Every structure is written in C-alpha cells, then in structure tokens.
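pasting the sequence and the predicted coordinates here, then a few questions.
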Amino acid sequence: MRVVVNLTRCQGYAQCAFLAPEVFRMRGAEALMYDPEPSDVQRERVLRAAAACPVQAILVDHVDDREAAMESATTGPAVSATTGPAASARTGPAASARTAAPSRTGGHPSPDGHGAALEAFRRSGRIVIVGASLAGLTAAATLRREGFKGSLTMIGDEPYRPYDRPPLSKQVLDGWVPPDHTTLPRVDELGARWLLGVPATGLDPAGRQVRLGDGGVINYDRVLIATGTRARPWFNADEAALDGVFVLRTRDDAAGLQQRLAARPGRVLVIGGGFTGSEVASACRDRDLAVTLVERGPTPLVGALGGVIGAVAADLQREHGVDLRCGVTVTRLEGDTAGRLRRAHLSDGSTIDAEVAVVALGAVRNTEWLYDCGLAVGEWGVGCDAGCRAFDINGVVTDDVFVAGDVARFPHPLYDYQFLALEHWGNAVAQAQVAAHNMISAPAERWPHLAVPVFWSVQFGTNIKSVGVPTLADQVVITQGSVAQRRFVAAYGYRGRLTAAVGFDQGKWLESYQALIEAGAPFPPDLRGVDEPTDERPVAAQIPDHRIRNRHATVSVTGHDPSERRAELIYHR
C-alpha cells in the first residue's frame, strides 16, 4: 500500500499517530511524519486513521484529493471514509472550477463540430507529459479520470517512476524511510508508455514533436511541460566533485547523504539557509551530529519569510545546537590528497573543518531543453496563462502546449496579476489538475489556476506553514500566539492588503487567513479572535529585493510597423 498525506491540509491533530503509530509519528506539537509505503499488515490501521483525520488529509493509494473524492462518489461512503473527500473549496482546483463560467453540459463539450472533434481527440489523441514528477503524475491521473482514452506517454530523465520529494529531507534523512519507499501511488494504473532515464532535449511546437536524448522523437497532439527543477550546484566543479559534497533533490541524492550521515561524520556543513538547508540542519541535530549552517543573508529563511520571521528561525536553530553563521559566504571547499572534503573557507577569513557539506543554494528550473523552440522560456521558467497554456516569445498563448508545477511561471489575479513560479507540493498538484482538465476541454469549460499558494516545512520539531505569498509584502505583524513560545501566526501585508500568513505550530488557524486573502481583506486583519497579542504592531517585513538577481536583459524587440514587431529572447548561457 502507498500513503500520501496532503500536509498543506494537515493541522496536526495527531489522531493518526494514535491509531497507526507504526506509520504516523508526531514531531513536536504539530509536525507529522509518516511512512509513505507501509506494510500491508498496517492497512486496517491506516484506513482507520484516514477515516478519523478531522481534515481528511490522509490519502491511501491515491494521488490527490479530487481523485479520491470522485471515486468515493461512485463507490459509497465506506470508501469515502478511507480515502478522503474532495479538496477544500479554498485549496484545490474545485475552487477554480467554481470561478469559471458554469457549464451546461456536465463537463462535456456540446454536440457541435468542435465538440465532436474534441470527443475524437479524447478517444484517440496523443498526449505527451515531459516530467515524470508529482505534477506529471497528477496530470496523467486527471486525464484518465476525466475520460481521456488516447495515447499517453510519460518522459522522465530519472530512471524511477514518480516519487514524492518532501520526505527526502525528512523521513529519509533521519533513516526511518528507505529512499525507494517514496514512490507515488497509481503509477501502474495509467495505461501510459513510460520513457524513463531518457531526458527530453528539444521541443518542436510547429512539428508537434519532443526530441529525446537518445536520438528518438515522440509525436504529440498536446504536450504538458512538467520538468520541474534541479538543485543548484556548487559553483566550482572540482570542489563539487570532492567526496563528501552533496546536493539534495533526487532520490539518489537523499540515499547517498543518508548513508554518509549514518556514518556519523565529525561535522556537517550546510551551505544555504533556505528551507532545504534548514531541514538538513534539523535532520543532523536529530542524529546528534555537529552542524554548521552558513547563510549569506542576515537570517535563515530570509528569502522566503523576510528578516523578522527569519530571526525567529535563527533563534530556533541556535536553541537546537546549530552553529549558525549569517552574513558570510563559503568561498572555497578544500579537500585532502585523496579527494575527500576536509575544510571550508569563509568570506570573513575563518575556516570550518567538516567531512560532509550539503550545498543548499536553491533550485534551477529545467528549461534549457526548451531554448530556441519559440516559447517564452528562461531561467525564470516557462511562461503560461492562468489556464496553464504556454505562450510564445511574443506573449501569444498556444493551444497545444501546457505547463504545470515548479517550472511554470503564471499570472496570479490575487497578486495584481504578477507572474509567480512556485516550488510547492500543493501548487504542483493543483496546477497539474487544471492543466490536464484544460487539455481535453472546450475553451468555454476551461478552469483558471487560482489556488492560494500553501507550503510547509518541518524543522526542529516545529511545523512552519504558510498561505499566500510572504515575499509580496512590506509589513508583518504577529496576530496570534507567542513568538517566545514558538507558537504564533504572523500576517503579511502590502499597502494595506493582506497577502500571506505564516504559522509556527499554529496550522489550525491558517485556513481562516486563506479565506481572508482570497477576499482581499485589509491589513492588518481585524480578527478579534483567540490568543491575540496585546501589544504587537506592524513592522517592516524585511523582504529582500529579489530584482537584483536579474540584472541582465532577457528580451530584445525588433521591427517598426506593428505587423513586424517581434520579441527575441536573450539567453545568458
């Protein structure tokens, strides 16, 4: 059996940990850890735990909430209790569907010429999904669930079927779950052709072909780009090749790092204080390993949550024994004569002796294979509209190329139509569902992707959860709980409007904040609720200016007459 917990919905009530303690474990007050592939001996306990979950976040042998719900509707309440209901009206594409124009045909095209052509495509068309990822698998499952019976091809550069990445930095690193126990459910039930271990190297939208690294070509009628991201490597290739230097993105990365941590190195160096780096530091301290984390910013998590809440994260790390160095960078990694890591040199002149270094400097979007194909593609992602249709260099949308997941860059109406690229588990699922639905729907029945971003992280026994986009804010205020006790909610605002909320072990409140964000509520919010601080006032959120990262031009425009004006992408390879 396979288990997936939608941790964007989990609120840490812990019934599952009481009913199936071999499968579900609580870290601290709200942080849930689980075995994604427990023994079938545990099935009855897991099903009871799923039925008892107050927010129905536990999915058994299913990819996502909507899939479970639709099967529940046809098989009765007993199945509903074990697999979970439909996604919350504010967290999944169901909300997006309700905002679109209502259909009078029950989700099927009208019986005109266009409708007949669409039905023919559903029966015999060719869809290719590039990216054997969470987003790719979710899209494939959605296509089949909504009636697509044509040819379905899944292309992935790794040799594995789609697997879940969040457990890699948590359950896998602490040694509880083997890396190969993270495979996502239902990969064998899609009727798909799998091309694994063979990367896509090019796209020809005009010829409707995907080129492969082995020289092959795959024809399509519609294609979904879901190639995600990869770990940003260490800048010096020779130093990156030292024995003991790791990144953490893939199953193989996690397996290698877990083995090295199990060997109990004298000190682990973590380079980068984002979510991955902080989670690695947490896993090291759980193993009672000495760990130094080096972050170039003033605090860890500053790039995602700002300096005010980042300072709380810094205190949390130091309280748990992390040697935290902020405001400095690693300038060089030094190895011995056998090619093993021994030392790191810092920009302040100090050195750190370490046998293991984890490079956690963020992600690189996998877009290079799309360069020069005519789509709007760059290091910032693949441009698409809110319906997940890719647009070309000139900003004109296509009808047969779609995008979903970490690699997609799309406009979000809640945030003044700013283009967002989100590396979130929940966004990958929701956006893939929208993309798949739109690939096989008539134009009038397509959905917009309007889900509010939600992400979580487990660090040092604390569940850090966010709704909205904290980086699109200028102020922050503590609205509930106590920072000193590490249990609080911080609300973020921009020019008097609520844009995000972040909770430390306060997940049960965030659904209410999500509703306020969707309603365009003012900032600071007037909650008049429970556990409110009496003396907190909004302060500057201390969000870094991300614009400094892109100092070079990405597009040039040629021509004079409107019929001749064209854009040309500039790639800085």
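Structure received. Residues are numbered from 1 along each chain as shown.

could you pull out the helices in the protein for me?
Per DSSP state H, the chain carries helices over the ranges 15-19, 43-52, 65-75, 77-83, 93-99, 113-124, 134-145, 237-240, 251-262, 275-286, 302-319, 425-439, 510-518.

among these, show the one with the smallest mean pLDDT.
Mean pLDDT values for those show the minimum at helix 77-83, a mean of 32.

to Ile218, which of the helices of the chain lies closest?
Nearest to Ile218, of all these, is helix 134-145, at 14.2 Å by C-beta to C-beta. The way it works is simple: take the backbone N, C-alpha and C, and place the C-beta from them, glycine included.

just checking, what packs against the closest one?
On a contact count with 3 or more C-beta pairs under 8 Å, 6 or more residues apart in numbering; DSSP states H and E, helix 134-145 meets helix 65-75, strand 126-130, strand 151-156, helix 425-439.

before we move on, back to that, tabulate the helices of the chain (CSV), appending distance to Val5 and mean neighbour count.
Shown next, in CSV, are the helices of the chain (distance: least, C-beta to C-beta, whole Å; neighbours: other C-beta atoms under 10 Å):
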stretch, distance to Val5, mean neighbour count
helix 15-19, 8, 18
helix 43-52, 9, 19
helix 65-75, 11, 18
helix 77-83, 13, 17
helix 93-99, 19, 18
helix 113-124, 32, 14
helix 134-145, 14, 26
helix 237-240, 34, 13
helix 251-262, 18, 18
helix 275-286, 17, 25
helix 302-319, 22, 22
helix 425-439, 10, 28
helix 510-518, 16, 20
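
pick out the residue closest to the middle of this protein.
Note on the chain: the residue nearest the mean C-alpha position is His424, at 2.1 Å, using C-alpha atoms, centre = their mean.

can you tell me how far it is from Gln56?
Distance, His424 to Gln56, using C-beta to C-beta, to the nearest Å: 20 Å.

what about the stretch 401-550 of the chain, any weak spots by pLDDT?
For the stretch 401-550 of the chain, the stretches with pLDDT under 70 are 529-530, 534-535, 546-550.

tell me which stretches of it form strands.
Using DSSP state E, counting those that start in this stretch, the strands of the stretch 401-550 of the chain run over 408-412, 418-420, 454-459, 462-468, 475-482, 487-494, 497-504, 539-540.

I'd assumed Ala29 was in contact with Asp505.
Yes - using C-beta atoms under 8 Å, Asp505 is in contact with Ala29, at 4.6 Å.

between those two, which is the more surrounded one?
Remark: of Asp505 and Ala29, Asp505 carries more neighbours, 21 against 16, as counted by other C-beta atoms under 10 Å.

how close does Val407 sit to Asn6?
In this view, Val407 and Asn6 are 22 Å apart by C-beta to C-beta.

those two: which is more packed in?
Each of Val407 and Asn6 has its neighbours counted (other C-beta under 10 Å); Val407 has more, 27 against 24.

thinking again about what came up before, shared neighbours, Asp505 and Ala29?
Gly12, Thr462, Asn463, Arg487 (C-beta atoms under 8 Å, 6 or more residues apart in numbering).

quick check: Val539 touching Ile309?
No - using C-beta under 8 Å, Val539 is not in contact with Ile309, being 10.8 Å away.

quick one on the thing from earlier: can you redo the helices of the chain as a markdown table, where the extra columns are distance to Ala376?
Below are the helices of the chain laid out as a markdown table (distance: least, C-beta to C-beta, whole Å):
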| stretch | distance to Ala376 |
| --- | --- |
| helix 15-19 | 43 |
| helix 43-52 | 42 |
| helix 65-75 | 29 |
| helix 77-83 | 39 |
| helix 93-99 | 23 |
| helix 113-124 | 25 |
| helix 134-145 | 19 |
| helix 237-240 | 30 |
| helix 251-262 | 30 |
| helix 275-286 | 28 |
| helix 302-319 | 25 |
| helix 425-439 | 16 |
| helix 510-518 | 28 |
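
identify each buried residue in stretch 201-218, please.
Going by neighbour count (16 or more other C-beta atoms under 10 Å), the buried part of stretch 201-218 is Thr201, Leu203, Pro205, Arg208, Gln209, Val210, Arg211, Leu212, Ile218.

need the residues you listed in TSV (columns: pLDDT and distance to Gln171).
Below are those laid out as TSV (pLDDT from 0 to 100; distance: C-beta to C-beta, whole Å):
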residue	pLDDT	distance to Gln171
Thr201	98	34
Leu203	98	36
Pro205	97	40
Arg208	98	41
Gln209	98	40
Val210	98	34
Arg211	98	37
Leu212	98	33
Ile218	98	35
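
what is the nearest of those residues to Thr276?
Comparing the buried residues of stretch 201-218 against Thr276 with C-beta to C-beta places Thr201 closest, at 27.5 Å.

gap between the closest one and Asp545?
Using C-beta to C-beta, Thr201 is found at 36 Å from Asp545.

again with Glu189
From Glu189 across to Asp545, the span is 47 Å (C-beta to C-beta).

those two: who's more crowded?
Neighbours were counted for Glu189 and for Asp545 using other C-beta under 10 Å; Glu189 has more, 11 against 6.

do you know how far that one is from Asp416?
41 Å.

repeat for Val322
For Val322, the distance to Asp416 equals 37 Å [C-beta to C-beta].

which one of the two is surrounded by more residues?
Val322 (24 against 10).
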